[in-house]
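A.B. asks: Build me a model from this:
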Amino acid sequence: MDKSAAAADDVERGDYEHERTGTVWTATAHIVTAVIGSGVLALAWSVAQLGWVAGPLALAGFACVTYYTSTLLANAYRAPHPVTGDRNRTYMDAVRSYLSPREVFMCGIAQYVNLWGTMVGYTITATISMVAIRQSDCFHRNGAGASCDAPGTVMMLAFSVVQVVLSQFPGLEHITWLSVVAAVMSFAYSFIGLGLSVGHWVSHGAGLGGRVAGAAAASSTKKLWNVLLALGNIAFAYTFAEVLIEIQDTLKSPPAENKTMKKASMYGIGATTIFYISVGCAGYAAFGSNAPGNILTASGLGPYWLVDIANMCLILHLIGAYQVYAQPIFASVERWASSRWPEAKFINSAYTVSIPLMQRGSVTVAPYKLVLRTVIVVATTVVAMMVPFFNAVLGLLGAFSFWPLTVYFPISMHIAQCKITKGRKWYLLQGLSMVCLMISVAVGIGSVTDIVDSLKVSSNPFKTIS
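C.D. replies: Just a heads-up that it's a prediction; the model follows:
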C-alpha cells in the first residue's frame with residue numbers, strides 16, 4: 001500500500017478529525033521544549049557527584065539510550081505497519097495495539113503519573129526562579145545582609161494562573177508558537193548558565209575543580225544516595241518519551257511520520273546533549289564539589305541582572321513546557337468523558353473565542369474543559385506546595401519514568417511489531433531493559449531517602465533556595 005492509499009484510508013477511519021500541519025522543525029521545537037527543562041539546572045551538581053569520568057559518560061549514555069528507544073517508539077505510531085498502519089494518537093493507544101491489557105494498564109499509570117509529576121516539578125522550579133529574581137533584586141538594593149524573604153506561595157499561584165489560561169488551548173498543534181518561544185528560551189538560559197559558569201571558572205584562575213571520583217560525602221551511604229540521585233536527575237533531564245506519540249500526531253504526511261519523528265528526535269536529543277555536557281562540565285569546573293543543586297542559585301555566579309535574565313528565560317520556558325506535558329492529560333480525560341457521556345450537554349458543548357496569536361484566529365472552549373483543566377492545574381499546585389524539593393523531586397521523576405516509558409514499552413512494542421524471536425537481538429534488547437530497570441529501582445530508593453531526609457530538615461524551600 002502506498003502513502004496516497006494510506007492517506008485515503010486515514011480519511012475513511014476518521015483519522016483527520018483535526019488538521020496536522022507539523023514538520024520536522026516544529027517537532028524538534030516540541031522535543032527541545034519538553035527535554036531541556038529544569039533538569040539542565042541540576043547537571044553541574046550531578047556531574048559533581050559522579051566525577052569527571054562517570055559524569056560525562058552518564059550524560060552520553062542516557063542520550064544514546066533515549067535516542068535509540070525513541071526511534072523504536074516512533075515506529076509504533078502506526079500499527080501494524082509503521083508507515084501504512086492505523087494511527088495511534090497517544091502512547092497508550094500504541095501500547096494497546098501491540099501489547100496485553102495488563103501492560104496497557106501499567107503504561108497508563110506510568111505515563112500519566114509522570115506527566116503530572118513533571119508538571120509538579122516545573123511548578124516548583126518556576127517558583128524557585130521567581131523567588132530567586134525577587135531576592136536578587138532585594139539584595140542588590142539593600143545589601144547582602146538585608147532581610148529579603150520572598151512570597152513563594154504567591155508566586156507559585158501566579159504561575160498557576162498563567163497555566164490555567166494557557167490550558168484552555170485545545171491541543172499542542174494550537175500552541176506551536178508557545179513551544180517555539182519556549183525552545184528559544186531554553187537555549188537562552190542554557191547559554192547564559194554556560195557562559196556564567198565559564199566566566200566564574202576563568203575569574204577564579206581557570207583551575208580544574210572537582211575530582212575524578214566526584215564530590216566527597218559525610219559517609220559512604222550518603223555518597224551512594226548522592227550518586228543515585230545524580231543518575232535520577234540525568235534520567236529526568238532526557239525525559240520526553242511520554243509525549244513523543246502526541247508530538248508525532250501533529251505531523252503532516254507525507255513524508256511518513258516515523259521518518260520525520262526520527263529526524264526530529266536526532267536533532268532535538270543531539271542539541272540538548274551538547275548543552276547538557278557543556279553546562280554540566282562547565283559548572284563542575286567552576287564550582288568543583290560545591291556545585292549547587294540549581295546552577296542559577298549559585299553564590300557569586302555573575303552579574304545579578306544577567307542571572308535574573310536567565311531565571312526569567314527559565315520561567316518562560318517552563319510556561320511552555322508545562323503545557324507540553326499537560327495537554328496529553330487533558331486530552332485523555334476529555335476523550336474518556338465524551339465517550340462515557342456522549343449526550344451530556346455540559347461535557348460536549350463548546351463555544352468559539354477569538355485569540356489574536358493563533359494561526360486560525362480562534363479557539364474552541366468547552367465549559368467542561370474549562371472546569372476540568374482548571375481543577376488539574378490547581379491540584380498540581382497544591383502538591384507542589386506540599387513536596388517542594390528540587391533535586392529530590394527530579395530524581396524521583398527520573399527513576400519512575402525512565403525505565404517503563406523510555407525503555408521497557410518501546411522495546412516491547414518493537415519486539416512485537418517486528419516479531420523478534422528469542423535470539424541474539426532479543427537477548428540484547430532484554431538485557432538493555434534489565435540494566436535500565438536496575439538503575440531506575442536504585443535511583444528511586446535514593447530519591448525517596450533524600451525526600452524523607454529533606455522533610456525532616458525543612459518543609460519550605462522558598463526561604464533558602466538550594
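A.B. asks: Tell me, please, the helix or strand in this protein that averages the lowest pLDDT.
C.D. replies: Every helix and strand in the chain was compared by mean pLDDT, DSSP states H and E; the lowest is helix 3-13, with a mean of 44.
A.B. asks: separation between residue 226 and residue 281?
C.D. replies: Using Cβ to Cβ, to the nearest Å, residue 226 is found at 18 Å from residue 281. C-beta: built from backbone N, CA, C; applies to glycine.
A.B. asks: so residue 251 touches residue 19, yeah?
C.D. replies: No: the pair residue 251 / residue 19 is not scored as a contact, 11.5 Å apart, by Cβ atoms under 8 Å.
A.B. asks: Between the two, point out the one with more neighbours.
C.D. replies: A count of neighbours by other Cβ atoms under 10 Å puts residue 251 above the other of residue 251 and residue 19, at 23 against 9.
A.B. asks: bridging residues for the more buried one?
C.D. replies: residue 22 (DSSP bridges).
A.B. asks: more neighbours, residue 226 and residue 281?
C.D. replies: Under the criterion of other Cβ under 10 Å, the comparison of residue 226 against residue 281 puts residue 226 first, with 23 against 20.
A.B. asks: Pretty sure that one sits against residue 218.
C.D. replies: No: using Cβ under 8 Å, residue 226 makes no contact with residue 218, being 10.1 Å away.
A.B. asks: what's the lengthiest helix in the chain packed up against?
C.D. replies: Ranked by residue count, the top helix of the chain under DSSP state H comes out as helix 101-142. Helix 101-142 sits against helix 91-98, helix 152-166, helix 241-248, helix 304-340, helix 367-386, helix 390-401, helix 409-418, with contacts defined as 3 or more Cβ pairs under 8 Å, 6 or more residues apart in numbering; DSSP states H and E.
A.B. asks: One more pass at 7 Å, please.
C.D. replies: The contact analysis (3 or more Cβ pairs under 7 Å, 6 or more residues apart in numbering; DSSP states H and E) places helix 101-142 against helix 91-98, helix 152-166, helix 241-248, helix 304-340, helix 367-386, helix 390-401.
A.B. asks: Contacts for stretch 179-193 next, please.
C.D. replies: Contacts of stretch 179-193 with the rest of the structure, by Cβ atoms under 7 Å, 6 or more residues apart in numbering, involve 29-30, 32-33, 36, 40, 275, 279, 295-296, 306, 309-310, 313-314, 316-317, 319-321, 324.
A.B. asks: Name the nearest residue to residue 163, sequence neighbours excluded.
C.D. replies: Spatial nearest neighbour of residue 163, chain neighbours left out: residue 377 (4.9 Å); criterion: Cβ to Cβ, 6 or more residues apart in numbering.
A.B. asks: dump the residue contacts of the one you found.
C.D. replies: Shown in contact with residue 377 (Cβ under 7 Å, 6+ apart): 160, 163-164, 167.
A.B. asks: now do 8 Å
C.D. replies: 160, 163-164, 167, 326 (Cβ atoms under 8 Å, 6 or more residues apart in numbering).
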